[in-house]
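1. Quick one, fold the following:
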Amino acid sequence: MKLIERYIFKRAGVAALVTLGSLAGVVWIIQVLKEVDVITTKGQTLITYLALTTLAIPMLILAVIPIALLLATVFTVNTLNQNSELVVVNASGASSMVLAKPLIILALICSLFTGFVGHFVSPWSLLTLKVFATEMRADLVQVIIREGTFTEVDEGLVFHVAKREAGGVLSGLLISDEREPGKSILFTANKGFVSRHEDQAYLLLKQGEIQQRDAGQDSPTIIRFESYLFDLSTFATKIDLGNIRPKERTTPQLFSPDPSDPYWKERPGLYRSQIHERFSEMLWPFAYVLVMLAFAGQARSNRQSHGSAIGAGMLVVTILRGVGFSAISAIKSDAGAVWLVYALPLSGIGFGAWFVFRSQPVMLPKPVQQRIDAASLAINNRTEALQARYWAWRRRLAGASA
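-> Prediction:
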């Protein structure tokens with residue numbers, strides 16, 4: 001690449017990385033806050049909590065990569081225009097490829113990275129997350145040893161431990177089991193001990209009683225015991241690795257599904273949808289870049305006009321992407337909609353390439369352009385007026401404090 005092309009690539013690349021990191025960080029924080037009950041209610045450690053939320057990052061990155069590339073393209077083009085750098089490039093006689101080439105290379109990098117994450121990393125992380133979360137929910141030992149808390153392990157199954165003593169002794173145990181309709185069983189014990197054997201977990205209850213009440217029964221049936229063995233492993237939800245969703249399978253696995261797979265037998269459209277979604281996702285980075293360059297890749301002397309061009313480009317991209325999501329959903333039930341999944345990004349690529357390679361910007365109809373410019377100018381004037389009032393208030397406040 002030439003010096004100016006490396007300069008543009010560096011500016012766009014840094015903007016894309018910063019935007020990607022910011023968006024991924026925000027989405028990850030939201031995910032972290034959603035899973036905070038892993039510590040507060042499920043008794044898991046901080047390391048388990050971080051591992052659980054980190055496994056969701058590949059899927060989050062897959063969602064924000066196109067947005068980061070789009071915003072980086074807008075930022076780069078707008079900055080170059082405001083600094084009159086686009087004017088200098090055009091005045092030097094350079095072709096539009098001076099601006100387009102580094103951004104297309106950046107789109108290629110994003111496309112390959114999107115493909116790698118979508119085809120391999122994201123399915124692996126989703127499956128690992130599923131196994132990890134299932135094993136975590138099945139670890140009832142970590143749940144029942146939390147003293148002073150009523151914890152619902154399963155719907156209708158509640159554990160409570162009054163105190164945790166030295167040597168792993170649990171005192172004041174209560175287990176309420178109302179999972180079976182019309183039947184209620186209450187276990188109480190003075191002492192309890194948790195033990196493990198291979199993959200099995202047991203709770204040995206000492207000196208307690210069982211109160212069982214059936215529907216329509218006036219008084220409960222009470223059974224006192226000196227010791228009672230409560231099998232915790234019967235409540236552990238085990239994941240069936242043969243029943244994996246299509247989104248949790250890598251692309252090579254989707255191309256050769258197991259004929260006995262329940263998803264393949266009941267909903268083969270899910271396989272078709274996943275395959276075409278992953279491949280079509282690799283086309284969208286090129287569509288984003290070329291559409292934005294078609295609208296805003298040429299130098300403009302009027303800042304409002306350039307802003308409206310960027311807005312129009314983002315509107316076109318948003319419409320294409322929205323229809324693309326609908327097409328992905330459609331092919332789950334209609335295989336004939338596959339062509340639309342690829343036609344949408346390819347139409348954006350073809351549309352943008354037509355104007356970019358001809359060094360001709362997309363021009364809106366004059367009446368529409370005038371209305372957009374007037375609205376942009378009004379918004380800009382209003383914003384400047386609000387800023388002036390704010391700083392005037394700050395000056396008055398500083399003067400009053402002095």
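2. Give me the distance from stretch 287-301 to the chain's centre.
-> In terms of CA atoms, centre = their mean, to the nearest Å, the gap separating the centre of stretch 287-301 from the centre of its chain is 28 Å.
3. can you pull the buried residues of that stretch?
-> 287-300 (16 or more other CB atoms under 10 Å). For glycine as for every other residue, the C-beta is placed from the backbone atoms N, C-alpha and C.
4. Tell me the one of the residues you listed nearest Val32?
-> Of all these, the one with the least separation from Val32 (CB to CB) is Tyr288, at 28.5 Å.
5. Give the other helices and strands that the helix or strand harbouring that closest one contacts.
-> Counting by DSSP states H and E, the element that carries Tyr288 is helix 284-296. Judged by 3 or more CB pairs under 8 Å, 6 or more residues apart in numbering; DSSP states H and E, helix 284-296 is in contact with helix 57-82, helix 97-116, helix 303-330, helix 338-357.
6. Dump these into JSON lines; add distance to Thr383, mean neighbour count and mean pLDDT as well.
-> As requested, the helices and strands packed on helix 284-296 are exported to JSON lines (distance: least, CB to CB, whole Å; neighbours: other CB atoms under 10 Å; pLDDT from 0 to 100):
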{"stretch": "helix 57-82", "distance to Thr383": "16", "mean neighbour count": "20", "mean pLDDT": "89"}
{"stretch": "helix 97-116", "distance to Thr383": "29", "mean neighbour count": "19", "mean pLDDT": "93"}
{"stretch": "helix 303-330", "distance to Thr383": "12", "mean neighbour count": "18", "mean pLDDT": "84"}
{"stretch": "helix 338-357", "distance to Thr383": "30", "mean neighbour count": "18", "mean pLDDT": "93"}
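7. Let me have those helices in a markdown table, extended by distance to Ala398.
-> Conversion of the helices and strands packed on helix 284-296 to a markdown table gives the following (distance: least, CB to CB, whole Å):
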| stretch | distance to Ala398 |
| --- | --- |
| helix 57-82 | 31 |
| helix 97-116 | 45 |
| helix 303-330 | 32 |
| helix 338-357 | 50 |
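8. and of these, who's closest to Leu173?
-> Among those, helix 57-82 comes nearest to Leu173, with 39.2 Å by CB to CB.
9. all helices for the stretch 101-250 of the chain, in order.
-> 122-138, 140-144 (DSSP state H, counting those that start in this stretch).
10. Can you flag the weakest of these by average pLDDT?
-> Looking over the helices of the stretch 101-250 of the chain, mean pLDDT reaches its minimum on helix 140-144, with a mean of 55.
11. Quick check: Arg394 vs Ala388, distance?
-> Counting by CB to CB, to the nearest Å, the gap from Arg394 to Ala388 is 11 Å.
12. still on that earlier bit, pLDDT on the helix holding Tyr288, on average?
-> 93.
13. Helix 338-357 and that helix, what's the angle between them?
-> Helix 284-296 runs at 40 degrees relative to helix 338-357, counting by axes from the mean of the first three to the mean of the last three CA atoms, to 10 degrees.
14. Convert helix 284-296 to CSV, retaining C-alpha atoms only.
-> Presented in CSV, the C-alpha positions along helix 284-296 are these (Å, rounded to 0.1, in the frame of the first residue of the first chain):
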residue,chain,number,x,y,z
TRP,A,284,-21.7,-8.0,5.1
PRO,A,285,-18.4,-6.2,6.0
PHE,A,286,-17.9,-5.5,2.2
ALA,A,287,-21.4,-4.3,1.8
TYR,A,288,-21.1,-1.9,4.8
VAL,A,289,-17.8,-0.4,3.6
LEU,A,290,-18.8,0.0,-0.1
VAL,A,291,-22.3,1.4,0.6
MET,A,292,-20.8,4.0,3.0
LEU,A,293,-18.1,4.9,0.5
ALA,A,294,-20.7,5.3,-2.3
PHE,A,295,-22.6,7.9,-0.2
ALA,A,296,-19.8,9.7,1.7
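15. Can you check what angle separates it from helix 57-82?
-> Going by the same axes, to 10 degrees, helix 284-296 makes 20 degrees with helix 57-82.
16. Give the bridge partners for the residue lying closest to Gly192 once chain neighbours are set aside, please.
-> Distances taken as CB to CB, 6 or more residues apart in numbering place Leu170 nearest to Gly192, at 4.1 Å, with adjacent residues excluded. Under DSSP bridges, the beta-bridge partners of Leu170 are Arg164, Gly192.
17. Can you check the pLDDT for Asn302?
-> Asn302 is given a pLDDT of 53.
18. The lengthiest helix in the chain - contacts with which helices or strands?
-> In the chain, taking DSSP state H as the definition, the longest helix is helix 366-401. Applying 3+ CB pairs under 8 Å, 6+ apart, one finds that helix 366-401 contacts helix 303-330.
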